[in-house]
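Visitor: For reference, the sequence and a predicted model appear below.
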Amino acid sequence: MFGSHAFFVYICVSSHGTNQRWQMVKHFILKQVLHKLTAAVFAFVLCSSQAAAYRDGISGRTQIGCGGSTCHGSQPSTATTVTLIGDRTVDPNTVNTFTLQVQHSSQASAGFNLAAFDQNGQPAGTLQFPSTENSYVKILNGELTHRDRRTMSGTPRTAKWQVQWRSPSQPGIYTIRAVGNATNSDGRANAIDEWNYLPPVTIVVRGIIVTAPAQSMTVCAGDTITLEWTSYGITSTSISYSTNNGTSWTTITAVSTRDGTNRFRYPCPTSINSQLQCRFRLMNAENDLVYTDTPDLTIIPRTTIRTQPTSPAPQCEGGSVSLSITASGGNLRYQWKLNGTAIPGATASQLQLTNLRADQSGEYLCEVTGACGSVTSNAVTLTVRPKPTISRQSADTTISAGGRLELYVVATPDTGCTYQWYKNGAPISGATGSRYLLESISAGDAGTYAVQVSNACGTAESAPIRVQVSPAVSVEDDAATISVRLYPQPAVHRAVIESPLPITHIVVYDAHGRLLRRLECQTTDASKVELPLQDERGSWLPQGMYLVSCQLGSPATASCQAPNATSRIVWLRLLIE
């Protein structure tokens, strides 16, 4: 108002001035008019921009609305209703078409802004529109909005748009939000334009998310495998497995499921006898396009003995034998045992024993330990038969003609052996026992004797036994002729022999003619010898009657040589008590 008044006064004053003053006034007036016009045009353009009300669309309004100085009414209005028509449960990674509808009782045109979000409030999926909506819908900052306002028609007045949403490949719960505005089509933003929110629309993307097993793992045959998954929009889940990397599948069962967490426990067959890879598939039983697979599982068979060891035939000492076992399982380890004690180094499926000894006889078994348990084999018996050995035998002996000859041998083992006696290298017929007996010996029985002891594992031969036969003599007459004395009678532990001739050999026999002790070269010139009454092993001789053979020689021929023509043998009786 002040500017207009000054202009008017200037005009009045200028009508009485000079021509020069009039020129100055005109210049001022023109300058003021141009200034006023410029300000008016700027204000008009600014107001027109605000009043245009985003007739070509807007984004980012689905959650904050259209209120404010740059849009329409400041608050949502129930006079405007926004609805979304379409499926609420969809398959993953599919294009789904919806109808967005804005209604008002009287407004002329409408616009919208629509977006899709995941449960964390982040944009989800891909928004698009069919080609039939090219003139009315556009994508702005990843959201959908109107390309130009759309005329409303019908009762109530309605505007509709076809919109599309490509669902994410990840199953889950998503939300579509939108805001719709019903305007009077005057191109200005004012309270007459009434907008409202679309009530958030929950869209379930069908699918299954496996939560257990979450990674590859190893399980044992016979174990229970727990499958756990989160289900979305699926009421029945088909469960199957594959052992050939998914080339083919074997159906286990179908189970009823609900949105959220579901579980199924699968008992792994105990019949699996070799390691294999397995994966499970959880699939919508009503639509095989929706499924998910578990990570690969390695199934290891239970530690099982497939072939038991068997007892071998009896083996000979020094021989060899093999015991074996076959087993299935993972990471198998073996330990053979003899009579319950682990055999060092026997850690393979086969036990090879060489150069067998008798102390290796006994019960053998094998413990098998694997990733999926331990088992023990049946026990088997190994018998190692020793080769025969001779521990004792008769010594060389001299027996008077007509006396009794008994030779013996002691061998091990004491059973299962056969005997054969030999004289001068020739087998003696019928002499097949551990003892060889001649009741009345003669000069022809003198010689070298031996015995062979045999069993299935070998033969042992005794050392040679030399038997001499002396002529029969009268003990009393011979001793009396030469005046040989043996005393005391009876004797205890010791006896004394006196002879006019040197004594060179003394041999003690029992009443059966068995040689008990031999003393040689005890004297040369001495004619008196003390005789300890002990056998060859140092044991005292028991009570009884004994025969003592004394070899006598002249002082010139006395030596450790065998009897010769100049030596004589006398026999003496000895009573021990």
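Guide: Thanks, I have the structure now. All values derive from a computational prediction rather than experimental measurement. Residues are numbered from 1 along each chain as shown.

Visitor: isn't residue 388 right next to residue 454, touching?
Guide: Yes - between residue 388 and residue 454 there is a contact under CB atoms under 8 Å: 6.5 Å. Yep, even glycine has a C-beta here, placed from its N, CA and C like the rest.

Visitor: Pick out whichever of those two has more residues nearby.
Guide: Here residue 388 and residue 454 are set side by side on neighbour count (other CB atoms under 10 Å), and the busier one is residue 388, at 23 against 17.

Visitor: Identify the contacts common to residue 388 and residue 454.
Guide: 417, 460 (CB atoms under 8 Å, 6 or more residues apart in numbering).

Visitor: Now do stretch 503-512: distance to the chain's middle.
Guide: In terms of CA atoms, centre = their mean, to the nearest Å, the centre of stretch 503-512 is set 79 Å apart from its chain centre.

Visitor: Quick check: buried residues in it?
Guide: For stretch 503-512, a neighbour-count test (16 or more other CB atoms under 10 Å) marks 503, 504, 505, 506, 507, 508, 509, 510 as buried.

Visitor: now stretch 356-374
Guide: Using 16+ other CB under 10 Å as the burial criterion, the residues of stretch 356-374 that qualify are 356, 360, 361, 362, 364, 365, 366, 368, 369, 370, 371, 372.

Visitor: roughly how far apart are the last one and residue 329?
Guide: Same thing as residue 372. Separation of residue 372 from residue 329 (CB to CB, to the nearest Å) stands at 6 Å.

Visitor: ok, residue 232 - contacts?
Guide: Applying CB under 8 Å, 6+ apart, we find residue 232 in contact with 171, 172, 173, 204, 205, 206, 207, 208, 209, 259.

Visitor: domains for the chain, by residue range?
Guide: Each domain of the chain is listed here as a residue range: 81-205, 207-300, 304-385, 389-469, 473-576, per automatic domain parsing.

Visitor: My guess is residue 171 contacts residue 203. True?
Guide: No - taking contacts as CB under 8 Å, residue 171 lies outside contact range of residue 203: 11.3 Å.

Visitor: Kindly reformat the buried residues of stretch 356-374 as a markdown table containing pLDDT, secondary structure and distance to residue 57.
Guide: Conversion of those to a markdown table gives the following (pLDDT from 0 to 100; DSSP: H, G, I helix; E, B strand; the rest coil; distance: CB to CB, whole Å):
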| residue | pLDDT | secondary structure | distance to residue 57 |
| --- | --- | --- | --- |
| 356 | 96 | coil | 99 |
| 360 | 96 | helix | 97 |
| 361 | 96 | coil | 100 |
| 362 | 97 | strand | 96 |
| 364 | 97 | strand | 90 |
| 365 | 97 | strand | 86 |
| 366 | 98 | strand | 82 |
| 368 | 97 | strand | 76 |
| 369 | 97 | strand | 73 |
| 370 | 94 | strand | 69 |
| 371 | 93 | coil | 65 |
| 372 | 94 | coil | 65 |
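
Visitor: list the contacts for residue 248?
Guide: Counted by CB under 8 Å, 6+ apart, residue 248 has contacts residue 242.

Visitor: Oops, could you answer that again for residue 159 instead?
Guide: For residue 159, the contacting residues are 101, 102, 103, 109, 110, 150, 151, 152, 153, 182, taking CB under 8 Å, 6+ apart as the criterion.

Visitor: Which positions within the strand ranked longest in the chain qualify as buried?
Guide: Taking DSSP state E as the criterion, the chain has its longest strand at strand 172-183. For strand 172-183, the buried set under the neighbour-count rule, 16+ other CB under 10 Å, comprises 172, 174, 175, 176, 177, 178, 179, 180, 181, 182, 183.

Visitor: Which strands or helices does that strand pack on?
Guide: Using 3 or more CB pairs under 8 Å, 6 or more residues apart in numbering; DSSP states H and E, the elements in contact with strand 172-183 are strand 81-85, strand 95-104, strand 109-117, strand 157-166, strand 194-197, strand 201-205.

Visitor: where do the helices sit along the chain?
Guide: All helices of the chain, identified by DSSP state H, fall at 2-14, 19-51, 475-482.

Visitor: Read off the pLDDT value for residue 525.
Guide: Per-residue confidence for residue 525 comes out at a pLDDT of 56.

Visitor: hmm, back to that, report the two of the buried residues of strand 172-183 separated the most.
Guide: When the buried residues of strand 172-183 are compared pair by pair using CB to CB, the farthest-apart members prove to be 172 and 183, with a separation of 36.3 Å.

Visitor: Quick check: which ranges of the stretch 351-500 of the chain have low pLDDT?
Guide: Judged by pLDDT under 70, the stretch 351-500 of the chain has its weakly predicted residues at 472-481.

Visitor: What pairs with the longest strand of the chain, parallel or antiparallel?
Guide: strand 109-117 (antiparallel), strand 194-197 (antiparallel), strand 201-205 (antiparallel) (DSSP bridges).

Visitor: if we can go back for a sec, now the contacts of residue 232 as TSV including pLDDT and distance to residue 129?
Guide: Output for the contacts of residue 232, formatted as TSV (pLDDT from 0 to 100; distance: CB to CB, whole Å):
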residue	pLDDT	distance to residue 129
171	95	25
172	95	24
173	96	24
204	97	22
205	96	20
206	95	23
207	94	25
208	95	30
209	94	30
259	93	30
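
Visitor: Among those residues, the buried ones, what's the PyMOL command?
Guide: When burial is assessed using 16+ other CB under 10 Å, the buried subset of those is captured in PyMOL by this command:
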select buried, resi 171+172+204+205+206+207+208
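
Visitor: Reformat the contacts of residue 232 into JSON lines and put distance to residue 121 next to each item.
Guide: Rendered in JSON lines, the data for these read as follows (distance: CB to CB, whole Å):
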{"residue": "171", "distance to residue 121": "18"}
{"residue": "172", "distance to residue 121": "13"}
{"residue": "173", "distance to residue 121": "13"}
{"residue": "204", "distance to residue 121": "18"}
{"residue": "205", "distance to residue 121": "17"}
{"residue": "206", "distance to residue 121": "22"}
{"residue": "207", "distance to residue 121": "21"}
{"residue": "208", "distance to residue 121": "24"}
{"residue": "209", "distance to residue 121": "20"}
{"residue": "259", "distance to residue 121": "21"}
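
Visitor: Return the two entries of the contacts of residue 232 that lie farthest from one another.
Guide: Comparing every pair within the contacts of residue 232 by CB to CB identifies 173 and 208 as the most remote, at 14.0 Å.

Visitor: Find the residue at the geometric middle of the protein.
Guide: Closest to where the C-alpha atoms of the chain average out (CA atoms, centre = their mean) is residue 371, at 2.1 Å.

Visitor: Leaving out chain neighbours, which residue sits closest to that one?
Guide: Taking CB to CB, 6 or more residues apart in numbering, and ignoring the residues beside it in sequence, residue 371 has residue 330 as its nearest neighbour in space, at 3.8 Å.

Visitor: tell me the phi and psi of that neighbour?
Guide: Listed backbone geometry of residue 330 is phi -110, psi 140, with angles given as degrees, to the nearest 10.

Visitor: Quick check, it in contact with residue 275.
Guide: Yes - counting by CB under 8 Å, residue 330 sits close enough to residue 275 to count as a contact (6.0 Å).

Visitor: Settle it for me: which of these two has more neighbours?
Guide: Between residue 330 and residue 275, counted using other CB under 10 Å, residue 330 has the larger neighbour count: 18 against 15.

Visitor: Output the below-cut-off pLDDT ranges for this protein.
Guide: Within the chain, the segments meeting pLDDT under 70 span 1-54, 67-72, 187-189, 191, 472-481, 521-526, 554-567.
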